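K.L.:
Quick one: sequence plus predicted model below, questions after.
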Protein chains: 2
Amino acid sequence: MRVVVPYAASDPKTRLADALSPEERRAFADAMLEDVLAAVRATGREPEVLATAPVEADAPVVVDERPLTEAVNALLAGELAETATEGATDESVAVVMADLALATPEALARLFECEGDVVLAPGRGGGTNALVARHPDFRVDYHGTSYLDHRRAAREVGAAVSVVDSHRLATDVDERADLAEVLIHGSGASFEWLRGAGFELASDESRVGVVRE
Amino acid sequence: MRVVVPYAASDPKTRLADALSPEERRAFADAMLEDVLAAVRATGREPEVLATAPVEADAPVVVDERPLTEAVNALLAGELAETATEGATDESVAVVMADLALATPEALARLFECEGDVVLAPGRGGGTNALVARHPDFRVDYHGTSYLDHRRAAREVGAAVSVVDSHRLATDVDERADLAEVLIHGSGASFEWLRGAGFELASDESRVGVVRE
């Protein structure tokens, strides 16, 4: 199984602009990528980064300037050269987003080992935060409510769908409120980066948010 | 194992006031309770409702006017009479919130069957959406970041903690944005109620929300 981690190299995490400067957003995105790569590797698999421009990462990097959907579909169609050889013993492809700062080896193993032609890990708000594709005709479309679209797309090509029910994989870190999840459940480079940047948990009457010292 | 579902009978779901009238909030809260009770029952266990006032529910109801933390702790201390006899073959107690509209028998079975003196299902934002207590000295405190507080409380009484990683159990339906999760992943009475009230998914540039027709 190829395990591919897409990474937007230019101006990442724009929706964190109310909490972080452009340089900080890049550094935090890099920390999250590092955590995701480490979690994949701890499952015994070798991750590859699929980046829109050359980046430094602790893994082989495939550069594809196209938007996410097109680049992933090229990969699913077998058009992108393979950079990792270990662990790629079949035709299946896993796509794990780079901002899953809460991803653990256990959560990713549930994804990778789940049976099904298409295995989906939904994100909060209807996205698809991670998936495994084992059907040659399945293609992605990350626009809109991609989780529902991917279920439909799988059905249309006759692929059996499984769903992984994971809070950790459902939590892509996009917005200020998501930073609280990293401080509550995280432990790796992203957690350390946020703490180093002065972020702490702050309670109000309802849900918990973050403050910066 | 006793399985208790706390339910705030008066003015429920106040944070949905921007989306629903008081009568609608009550009806929607009742639909979510119905879904949770059905999901518990489908695991082969008999749920009880722990309500702040008498309510109609498809399960035995224990009335306790005290705030949530106090009422649950009275129950953990064995001070509240048992209403269900089936399935209550040991001293353990599960507490499952009534607004887990996405709870499935599979997700709840993972909680109930998980080993550990204290099993926690964290909610988004640091809450504790469901738990199993098998240690006689463990007590709850639902204020603030209760997930972290419960980990600490368990450690202090020498109870081994396990965590269930579930998006379905992490999704308590409190705010307008949470309604999208019900429309994406739900299938029971809450889903039908929302659809009947005219709610549909609506995409913007980032996450998916809801509109009302």
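P.N.:
Thanks, I have it. Numbering: from 1, shown residues only, chains lettered A, B, ... in the order given.
K.L.:
C-alpha from now on. contacts and neighbour counts both.
P.N.:
Noted.
K.L.:
A:S146 contacts A:T128, correct?
P.N.:
Yes: with contacts counted by C-alpha atoms under 8 Å, A:S146 reaches A:T128, the gap being 5.9 Å.
K.L.:
In contact with the residue nearest to the spatial centre of chain A, which residues are there?
P.N.:
Centroid-nearest residue in chain A: A:M97, 1.4 Å away (criterion: C-alpha atoms, centre = their mean). Residues near A:M97 by C-alpha atoms under 8 Å, 6 or more residues apart in numbering or on different chains: A:5-7, A:129-130, A:172.
K.L.:
A:S146 and A:T128: which has the busier surroundings?
P.N.:
A side-by-side neighbour count of A:S146 and A:T128, using other C-alpha atoms under 10 Å in any protein chain shown, places A:T128 first with 27 against 21.
K.L.:
How confident was the prediction at the more buried one?
P.N.:
Per-residue pLDDT puts A:T128 at 98.
K.L.:
So it versus A:R2, what's the distance?
P.N.:
18 Å (C-alpha to C-alpha, to the nearest Å).
K.L.:
Check A:G123 too.
P.N.:
21 Å.
K.L.:
Likewise for A:S162?
P.N.:
From A:S162 to A:R2 the distance is 19 Å (C-alpha to C-alpha).
K.L.:
more crowded one of these two?
P.N.:
Higher neighbour count among A:S162 and A:R2: A:R2, with 25 against 18, using other C-alpha under 10 Å.
K.L.:
Got phi/psi on the more buried one?
P.N.:
With angles defined as degrees, to the nearest 10, A:R2 sits at phi -80, psi 140.
K.L.:
so A:E65 touches A:P54, yeah?
P.N.:
No: look at A:E65 against A:P54 with C-alpha under 8 Å: they stay out of range, at 9.7 Å.
K.L.:
Double-check that A:L50 belongs to a strand.
P.N.:
Yes: counting by DSSP: H, G, I helix; E, B strand; the rest coil, A:L50 is located in a strand.
K.L.:
Run a quick neighbour tally on it.
P.N.:
Residues near A:L50, counting by other C-alpha under 10 Å: 28.
K.L.:
Quick check: closest non-adjacent residue to it.
P.N.:
With C-alpha to C-alpha, 6 or more residues apart in numbering or on different chains as the criterion, A:L50 has its nearest non-adjacent residue at 4.4 Å, and that residue is A:P6.
K.L.:
confidence score at the one you found?
P.N.:
The model reports A:P6 with a pLDDT of 98.
K.L.:
list the contacts for the closest residue to A:G123 other than its chain neighbours?
P.N.:
In this structure, A:G123 finds its nearest non-sequential neighbour in A:A170, 3.9 Å apart by C-alpha to C-alpha, 6+ apart. By C-alpha under 8 Å, 6+ apart, the residues touching A:A170 are A:121-124, A:129, B:167.
K.L.:
I figured A:L120 hits A:V161, correct?
P.N.:
Yes: applying C-alpha under 8 Å, one finds A:L120 in contact with A:V161, separated by 7.4 Å.
K.L.:
Between those two, tell me which one has more neighbours.
P.N.:
The neighbour comparison of A:L120 against A:V161 (other C-alpha under 10 Å) goes to A:L120, with 26 against 19.
K.L.:
That one should be in a strand, yeah?
P.N.:
Yes: counting by three-state DSSP, A:L120 falls inside a strand.
K.L.:
in the sheet, who's paired with it?
P.N.:
Beta-bridge partners recorded for A:L120 (DSSP bridges): A:L131, A:V163.
K.L.:
Pull up the gap between it and chain B, please.
P.N.:
Distance check for A:L120 against chain B: by C-alpha to the nearest C-alpha, to the nearest Å, it reads 13 Å.
K.L.:
mind listing the helices for chain A?
P.N.:
Using DSSP state H, the helices assigned to chain A run over residues A:22-42, A:68-76, A:105-113, A:146-156, A:167-170, A:176-185, A:189-196.
K.L.:
Kindly compare burial across those and name the winner.
P.N.:
helix A:167-170 (a mean of 27; mean count of other C-alpha atoms under 10 Å in any protein chain shown).
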